[in-house]
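> when you get a sec, could you give me coordinates for this:
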Amino acid sequence: MKDKSLFNRVFDTSNIIILLLIALVMLLPFVYVLSVSVSSYSEYMSSDFYLIPKTIDFSAYEFIFASDSFIRSIFVTIFITVLGTFVNLVLTSTLAYSLSYKVFGQRVVLFMVLFTMMFSAGMIPTYLVVKETGLLNSIWSLILPVAITPFNLIVMRQFFMNIPGELCEAAKIDGSNDLQTFIRIILPLSKPSLAAFGLFYAVYHWNNYFSAILYLNDPALWPIQVILRQIVVVNEALSTLGNGQILLENAPPAETIQMAAIIVATVPILIVYPFLQKHFAKGVMLGSVKG
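Residues are numbered from 1 along each chain as shown. Purely as a prediction, here's the structure:
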């Protein structure tokens, strides 16, 4: 018993050390990006790599927040994330609940859902569909084509099937119709699952930029990830964000502007995660097995 207890302690300690090392490795790039974003021009130019800046300089943040286009892109992204996640959860949950019962055409609909999991139309056919439906250069082009994710639908359907049918039968005896049963009984019991998939959908909408590049021609509708791409990849930090408000020769280095933009685009979704973390694992696992 003593040897087993000692082995367990050594094993647990080793796991903790390994996980801490992995966490440090994962955290290191983020710390570096944060440090560069608050560094002065002289310190950035004189040092190749550092994690703690000697002096704190927020000029890069002041520069990007002086841009109307950057501020507008933040609000556009928040709007897309909130509205898109709401649409995703409403459509996914209602269809999953409908398919959790034996209804007419259930197998056909399930086959269509599973078919889209295995075969994708591709970029060009999807673009033509968005164009012909009049969604080009519209916020809805980033929401409706991805309104339902097949994998999330299947898992949520399995979660609804695990809810005891007696609850729904009791509600119907009390005079509740299907919609009232869904809203008053099923949804309150599904909070962990809704929180988990809501986080999945929200992260997707917040980080999505490729669809915006394809479907949005108006820069006023660009989300923050597209602006971030222009800054980091295309390297248009000064010309895109300056807006004539700050002289280029007085602007911070382009690299610090890039790092500041990355921090601003990343931090909001990181703040949301801790509030949903307690439901995250439970919500995913509840629909993964039946029993």
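> and Arg72, what does it touch?
Ala220 (Cβ atoms under 8 Å, 6 or more residues apart in numbering). All C-beta atoms are positioned from the backbone trio N, CA, C, and that covers glycine.
> now it: which helix or strand?
For Arg72, the element it lies in under DSSP states H and E is helix 68-99.
> show me the domain layout of the protein.
Listed by automatic domain parsing, the domain ranges of the chain are 2-46, 62-286.
> just name the most buried of the ones you listed.
domain 62-286 (a mean of 16; mean count of other Cβ atoms under 10 Å).
> show the average pLDDT along it.
On average, the pLDDT along domain 62-286 is 81.
> touching the very next helix or strand once past the helix holding Arg72 from outside, list them.
Proceeding N to C from helix 68-99, the next assigned helix or strand is helix 106-118, under DSSP H and E. Contacts to helix 106-118, defined as Cβ under 8 Å, 6+ apart, come from residues Leu95, Leu99, Pro150, Phe151, Leu153, Ile154.
> do that again at 6 Å, thanks
Leu99, Pro150, Leu153 (Cβ atoms under 6 Å, 6 or more residues apart in numbering).
> ok, stretch 260-273 next?
Residues contacting stretch 260-273 (Cβ under 6 Å, 6+ apart): Val33, Leu34, Ser37, Ala60, Tyr61, Ile64, Val203, Trp206, Ile224, Leu228, Ile231.
> just the ones of those residues in helices?
Val33, Leu34, Ser37, Ala60, Tyr61, Ile64, Val203, Trp206, Ile224, Leu228, Ile231 (DSSP state H).
> could I get the residues you listed as a markdown table with distance to Leu136?
Formatted as a markdown table, the ones in helices among the contacts of stretch 260-273 follow (distance: Cβ to Cβ, whole Å):
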| residue | distance to Leu136 |
| --- | --- |
| Val33 | 34 |
| Leu34 | 37 |
| Ser37 | 35 |
| Ala60 | 34 |
| Tyr61 | 34 |
| Ile64 | 29 |
| Val203 | 25 |
| Trp206 | 22 |
| Ile224 | 21 |
| Leu228 | 22 |
| Ile231 | 25 |
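> pick out the residue nearest the middle of this protein.
What sits nearest the mean C-alpha location of the chain, by Cα atoms, centre = their mean, is Val203, with 0.3 Å.
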